[in-house]
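K.L.:
this one's structure only:
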C-alpha cells in the first residue's frame, strides 16, 4: 500500500460566547426551528402564518368542503357512539359521577378542534388517566363519604394537569415526557390494564362491599372473601355482553374494514342491556343500574377549584402525574396516525392544546382528557379527514346531554364494567414485551418491573418505579460507557471492534480503544480506571504470547461528542500516568467541540503535534514511522 498521508487536526472556526450559547440553546429548546416559516415573508403573510401556527384550524378551514364534511360527520357520529358509553364508564373508573364523563366528552373536543394539529386524534377521557386519578385521590379522600370534596380535588387536579402541560409547551420542555420510555410504558400500561380489569369484578360479579385498594392481592382477597354477595343474574348478563364485546373487537382486528362492528358494539350493548333491564325489571333481581343522570350542558365548576387547604398538595401531585400520562398517550397516538398519513404533528402544539383544553375543562365540570387510542383508531378507520370529526362528536354528545339522559336510567352497571374490560385489554401487548426480551434484556427488565410494581405495590408507585428505572438506565449508559478494542481490517486502513469483526487484527505495540460516549464528570473516573485496566490486561496478554512490548495507547474519540472539565482533567491525568510507565497516549479523530475545549484548557500543548491525529490509521502510520526513525 502507498504511504498514508498524515493530515493536520484543525480547530473549529472561532465564535463568540453569545453565538455558541445561542446555538446550543436553540438546539435544546427549538430543534424544529418554528420561526423558519416566517423568514422573508411580508407582514400580512406573517400574520396569517401566526394565526395558522397558534390555531391550526385556520390551516384546514379555508379549504374545507362538503366532501370532507361528509367523511367527518360519519366518523364523528361513529366515535360518539363509542365515546358516550366509554365516557360514563371511565368516569366511574375515576370514582366520579358518570355524568362527568359525558361532560368531558363535550368541551375538550371542541377546544382541541381549534388548537390541535392532528387530523385523527379523538379527544376524551382515557382509562389510564382515569384509573390513576381515581386511585391517587382515593388514598386520602373517600369518594363515597366525601363526594363533593373528591369532585373538587378531581377538577383541581385537572386544572393543574392542564397548567403543567401548557407550561411544558410554552417553555419548550416536552423532552421531559420522553423519560417515560417505551419499555416502561408497555409494562405500566399492561399492569394498569390488569388492575382496571380486576377492579371491574365488583360490577361484573355484583359485589356490594369491595376493597378500596388497587393492588392485585387485596382485590383478589376481596373478590373471594365476598363470595356470598355474588349475583348469578349479574354474572350471566356481564359474561354474555363481555363475550359479545370481545367478539366484536376480534372481528374488527381481523378485518379492519369492519371497524364499525367494534365501534358500535359498546353503544349497542348499552341499548340492549338497558332494554333487558327495563322489560324484565332486572333491578328488582339484584342487577344495579346507573340511575338518574342530570340533563343539560356542562355546569361551571370554576368555583369548585380547590386552591387552599390540606389536600392542595394531593391535587397538584395527582395533576402532574395524570398530566404526564395524558400527554404521553395523546402525543404518541397523534404521531402514530400522522405517520400513517404522511403529515407532521407538532409536539409543542399538542401539549399546548391538551393543556389549555384541560384548564378550560376543569372550569366546565370536566376531568383529565387527552387523545384516546381506541377512539382515534375508530376515527381513522371511519375516514376522518380533519379535526371537524371532534366537533361532530361533541355535537352528538350535546344532543345526548340535552335530550337523551333519561334513557340511561336503567343502564346496568355491569355493562359499564364489560365495556371497560374490553377497552383496556388491548393495552396488554404481549408481542411488544416479547420483542423487548428478544432485543434488549434491560428494557424487558424495566418493563417487567413496571408491571410488577403496578400489580403488587400501587398504580402510582408502579409509575414512579417505571420512571425511576428509565432514569437509572440513562445513568447506567452515561456513567458506564462502552469501551472496545479496535483492530485493523486486513488490506484497509479501517479499524473496527475486534469482538465484532473477527478478521480484524491487533497492531503490534499498540492498544487502540474506542470510547463510545461523551466524557463527563459522571464517567471520567470510570473511564480512567477502565482504560488503565485495558492497559494492564493488554500487557498481560502480550506477556503470555511473548510479543513485543506495548508502547502506545490510541483513543478513538469519534463517538466522544462532548467533554467537560472533569473529562479533560481525567485525560491529562491518564496521559501523565501512562507517561510514568513509558507509554504514550494519543488521541484520534476528536470532534470540533472536544478540540475547542482541549485548546481552551491548554491541554493540547501537553499532547503536542504527535499526540492528536485525524484518524486511527494515520496515528498508527505516523507513530510507527517515527519509532522506526528513532
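P.N.:
Alright, I've got the coordinates. Just so we're clear, the structure is a prediction, and the values are computed from it rather than from any experiment. Numbering: from 1, shown residues only.
K.L.:
got the contact list for the nearest residue to residue 518 once chain neighbours are set aside?
P.N.:
Nearest non-adjacent residue to residue 518, counting by CB to CB, 6 or more residues apart in numbering: residue 562, 4.2 Å away. Bear in mind the C-beta positions are built from the backbone N, C-alpha and C, glycine included. Residues near residue 562 by CB atoms under 8 Å, 6 or more residues apart in numbering: 518, 519, 520, 593, 594.
K.L.:
now residue 562: how far from residue 18?
P.N.:
Computed as CB to CB, to the nearest Å, the residue 562 to residue 18 distance reads 20 Å.
K.L.:
cool, and residue 397?
P.N.:
Taken as CB to CB, the span from residue 397 to residue 18 is 53 Å.
K.L.:
out of these two, which sits in the busier spot?
P.N.:
Between residue 397 and residue 18, counted using other CB atoms under 10 Å, the more crowded position is residue 397 (24 against 8).
K.L.:
Any regions of this structure where pLDDT drops low?
P.N.:
Counting by pLDDT under 70, the low-confidence segments of the chain come to 1-4, 23-36, 174-180, 212, 214, 626-630.
K.L.:
element containing residue 224, please.
P.N.:
Per DSSP states H and E: residue 224 is located in helix 216-225.
K.L.:
Tell me, how many residues neighbour the nearest residue to residue 406 once chain neighbours are set aside?
P.N.:
For residue 406, ignoring the flanking residues on the chain, the nearest one in space by CB to CB, 6+ apart is residue 295 at 7.4 Å. By other CB under 10 Å, 13 other residues sit near residue 295.
K.L.:
one step back: what about the residue nearest to residue 518? Give its phi and psi, please.
P.N.:
Per-residue torsions, residue 562: phi -160, psi 160 (degrees, to the nearest 10).
K.L.:
Now do the helices in the stretch 451-600 of the chain.
P.N.:
Under the criterion DSSP state H, counting those that start in this stretch, the stretch 451-600 of the chain contains helices at 459-479, 524-545, 565-580, 592-600.
K.L.:
looking at the ones you listed, which is closest to residue 47?
P.N.:
Nearest to residue 47 among the helices of the stretch 451-600 of the chain is helix 592-600 (39.4 Å), distances taken as CB to CB.
K.L.:
how about the helix or strand following the closest one: buried residues?
P.N.:
Going down the chain from helix 592-600, the next helix or strand is helix 603-607, by DSSP H and E. Neighbour-count burial for helix 603-607 flags 603, 604, 607 (criterion: 16 or more other CB atoms under 10 Å).
K.L.:
separation between the first one and residue 595?
P.N.:
Yep, that's residue 603 we're talking about. 10 Å.
K.L.:
returning to what we had before: CSV please, covering the helices of the stretch 451-600 of the chain and showing mean neighbour count and distance to residue 507.
P.N.:
Converted to CSV, the helices of the stretch 451-600 of the chain look like this (neighbours: other CB atoms under 10 Å; distance: least, CB to CB, whole Å):
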stretch, mean neighbour count, distance to residue 507
helix 459-479, 18, 29
helix 524-545, 15, 11
helix 565-580, 17, 17
helix 592-600, 17, 24
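K.L.:
which residue ranges form the strands in this protein?
P.N.:
Assigned by DSSP state E, the chain shows strands spanning 123-124, 370-371, 483-488, 495-497, 510-515, 552-556, 584-588, 612-613.
K.L.:
Dump those to a markdown table, plus distance to residue 421 and mean neighbour count.
P.N.:
A markdown table is the format used below for the strands of the chain (distance: least, CB to CB, whole Å; neighbours: other CB atoms under 10 Å):
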| stretch | distance to residue 421 | mean neighbour count |
| --- | --- | --- |
| strand 123-124 | 18 | 33 |
| strand 370-371 | 21 | 30 |
| strand 483-488 | 49 | 20 |
| strand 495-497 | 50 | 19 |
| strand 510-515 | 51 | 22 |
| strand 552-556 | 55 | 22 |
| strand 584-588 | 60 | 21 |
| strand 612-613 | 64 | 22 |
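K.L.:
possible to save the ones you listed as a markdown table with distance to residue 625?
P.N.:
Converted to a markdown table, the strands of the chain look like this (distance: least, CB to CB, whole Å):
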| stretch | distance to residue 625 |
| --- | --- |
| strand 123-124 | 69 |
| strand 370-371 | 64 |
| strand 483-488 | 16 |
| strand 495-497 | 17 |
| strand 510-515 | 13 |
| strand 552-556 | 13 |
| strand 584-588 | 14 |
| strand 612-613 | 12 |
